[in-house]
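Asker: What would the 3D arrangement of this be:
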Amino acid sequence: MTEIVPDLAPLAWVYCLIATALAAALQRISGQGFGMLSAPLIALVAPEMLPTTLLILGALVGYRAMRADRSAVTLSELPPGLLGRLVGAILAAWLASALIGSGSLGVVIALVVFAAIGLSLLGVRVAISPGSLFGAGLAAGLMGTLTAIGAPPMALLYQYEERARAAAMQNTFFMCGMVFSFSALLWHGLVRTDHFGFALALTPAVFAGLQLAGPFNRVLGTIPARAVALGLAGASASLLLLRSLATG
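Answerer: Next comes the predicted model:
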C-alpha cells in the first residue's frame, strides 16, 4: 500500500523544507533556480519523489511568482513557447518510465543541472522569435518532465531582457511547463498518492521562500541572485553525482 508521505527522518524533513524554501526564493527573484537547486538536494534523501513532487510545487511557485509580476508578461510570446513545452513534455513522458525510480535518475538529474548551468553561462544572445521560443520550450519540456529542471532554456532567451520582464516571462513559462509535464506523467500512470502528500507537506516551505525572497534579495545586495542559484545548484549536483556513482 502506498504511503501518503515518504517515511523520512526528522532531520531529512527539515532539510527538504529548507531546500524547498531556498529554491522558491531564488525562483521568485531570478525566474530560475527552483528545479536546479531543489531537485539535486531532494534527490539525496527522497529520489523516489522526483520529478513529480517538484512539478506540483513548481506550478505553485511559478503561479505565485508570475502573479506578482503579471503586468510585465508579454502575451504574444506565450503561444510558441508553450506549444514547444507541451510537445517536449509529451516526448519526455515516453522516456520517463525507464528513469523514474531507477538508480540512474540521480545521475541524469546531476548531468541536467550541469547542462543547465552551462546554458545559463553561455552568454549567447538569442533573438526572441516564434522559432526560438518554440525551440526553448521544446528543450524545457524534455528537461522539465524528466527531472523538474526546465527553466534554463527560457532563461537563455530572456537573460538580456529587463529584469522584471525576464522574471515574469520565465515564471509564466515555468508555471505552465510544470502543469504540462505533470499532466504528461499522469497520463502515463507515473503519479502516486505519496507525491501529492509530499508536495502538500512541503507547501509551507514554498510560501515561506516566496515571502523571504524580498529580504533575501536585499541581503544579497549587489551579488546577482542568478550567480547564487547557479553556485548552489552546481555544488548540490556535484554531491548528488558523486553519491549516485558511489552507490551505483
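Asker: which ones are touching residue 154?
Answerer: Listed by Cβ atoms under 8 Å, 6 or more residues apart in numbering, the contact partners of residue 154 are 32, 81, 136, 137, 140, 169, 170, 173, 174. Heads up, the C-betas are built off the backbone N, CA and C, glycines and all.
Asker: Out of those, which comes closest to residue 130?
Answerer: Closest approach to residue 130 among these (Cβ to Cβ): residue 81, at 8.7 Å.
Asker: CSV please, covering the contacts of residue 154 and showing distance to residue 50, neighbour count and secondary structure.
Answerer: Shown next, in CSV, are the contacts of residue 154 (distance: Cβ to Cβ, whole Å; neighbours: other Cβ atoms under 10 Å; DSSP: H, G, I helix; E, B strand; the rest coil):
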residue, distance to residue 50, neighbour count, secondary structure
32, 18, 31, coil
81, 24, 28, helix
136, 23, 27, helix
137, 22, 31, helix
140, 17, 29, helix
169, 26, 26, helix
170, 21, 28, helix
173, 21, 32, helix
174, 17, 29, helix
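Asker: Dump these into TSV; add distance to residue 48 as well.
Answerer: As requested, those are exported to TSV (distance: Cβ to Cβ, whole Å):
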residue	distance to residue 48
32	25
81	31
136	30
137	28
140	24
169	33
170	29
173	27
174	24
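Asker: nearest to residue 242, of the residues you listed?
Answerer: residue 32 (24.1 Å).
Asker: Just give the nearest non-adjacent residue to the closest one, would you?
Answerer: residue 151 (3.9 Å; Cβ to Cβ, 6 or more residues apart in numbering).
Asker: quick one, phi/psi of the one you found?
Answerer: Dihedral pair for residue 151: phi -80, psi -30, per degrees, to the nearest 10.
Asker: Residue 125 versus the closest residue to residue 174 other than its chain neighbours, what's the distance?
Answerer: Excluding its sequence neighbours, the residue lying closest to residue 174 (Cβ to Cβ, 6+ apart) is residue 62, at 4.1 Å. Per Cβ to Cβ, to the nearest Å, residue 62 is found 25 Å from residue 125.
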